[in-house]
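1. structure, please.
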Amino acid sequence: MGAAIVRHLLEAGYQVTVFNRTREKTKAVAEAGARVANTPAEAARSADVAFSMLADDAATEQVTFARDGLAAGLAPGAIHVSNSTISLAMARRLSSEHQARGQFYVSAPVFGRPEAAAAKRLLVVAAGEGAALHRVKPLLDAIGRGTVVVGSEPWQANAVKLGGNFMIMSLIETFAEAFATLRKAGVDPHLFLEVMNELFASPVYKNYGGILADRRYLPVSFFLRLGLKDANLVLDAAQEVGAQMPLAELVRDKMVAALEQGMGEWDWSSFAEIAAQKAGLS
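-> This next block holds a predicted model:
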């Protein structure tokens, strides 16, 4: 995802310096014109805006707040934009820590799989202080098909992202249960998917429905272990605000069961196999 974002920024005419904890992964974007830094601080130094795309809270904390981290390199007045799916608590900490340093923070998580990122079809959900949002809006528009501003507090964008991921998890579970039932009834799941695509006319239904109809969980676009992380984060968010999400609890339990069966490095949609197993389908 990060590599695709870098390419789009380069194509839009921006100068980009990159850092990756696995340096080999920077080779392709370096060949496309990006400069490679040795530390996050070096990458952020002299930058007006620093983007981060990381797997979870722990990685975000390390890359941002380590001695040679992003925050140490950013100048006062510069902006950190996080495209990561992180907890509301981490988004608040980022906002507070950057403010204490005289820096700005914008949460801008994205919806879309890697192929959408490559095709500049990501949907960006952003929140933050108005002037900072205004400054980064052209960059956000350069990496996706549109930017939706959802609030003035950065954590609000992460709440929207977690809610959206919950909707996708729920979609996977409903497909899993429907396909298991239809297979038992002798109905081709691809025919059912054709009907659903006509009914909903949604690329999300089409993409995930195709994966699940084929039971095609490799190659991976988003690991199941990261999907479980997001299920836990959305439940944490619900608990924080006093809401109940029983369907999210069900999906989380299905993911745990799939993880226990060794599917952690498969695509996150692979937890659909739990419904198939319960129906007696091999």
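
2. and Ser95, what does it touch?
-> Going by CB atoms under 8 Å, 6 or more residues apart in numbering, Ser95 touches 105, 128, 153-155. Any C-beta I mention is one placed from the backbone N, CA and C, and that applies to glycine too.

3. which of these count as buried?
-> Among the contacts of Ser95, those classed as buried by 16 or more other CB atoms under 10 Å are 105, 128, 153-155.

4. inside strands: which ones of the residues you listed?
-> Judged by DSSP state E, the subset of the buried ones among the contacts of Ser95 located in strands is 105, 128.

5. what is the nearest of the buried ones among the contacts of Ser95 to Phe19?
-> Taking CB to CB as the measure, Phe19 lies nearest Tyr105 of the buried ones among the contacts of Ser95, at 18.2 Å.

6. what's near enough to touch that closest one?
-> By CB under 8 Å, 6+ apart, the contact set of Tyr105 is 79-80, 82, 94-95, 98-99, 128, 132, 154.

7. may I ask which two of the residues you listed are separated the most?
-> Using CB to CB, the contacts of Tyr105 span at most 14.4 Å, a distance reached by Ser82 and Gln99.

8. Glu173 and Val256, how far apart?
-> According to CB to CB, to the nearest Å, Glu173 and Val256 sit 13 Å apart.

9. ok, now which ones touch the most centrally placed residue in the chain?
-> With distances taken as CA atoms, centre = their mean, the residue of the chain nearest its centroid is Thr85 (4.9 Å). Taking CB under 8 Å, 6+ apart, we find Thr85 in contact with 56, 109, 158, 161-162, 165, 230, 233.

10. tell me the phi and psi of it?
-> Dihedral angles of Thr85 (phi, psi; degrees, to the nearest 10) stand at phi -90, psi 100.

11. ok, now how distant is it from Ser202?
-> Taking CB to CB, one finds Thr85 at 21 Å from Ser202.

12. ok, Ser170 - how many residues close by?
-> Ser170 has 15 neighbours, counted by other CB atoms under 10 Å.

13. helix or strand: which one has the residue nearest to it when sequence neighbours are not counted?
-> The shortest distance from Ser170 to any non-neighbouring residue, by CB to CB, 6 or more residues apart in numbering, is to Leu247 (5.7 Å). Using DSSP states H and E, Leu247 sits within helix 246-260.

14. great, nothing more from me.
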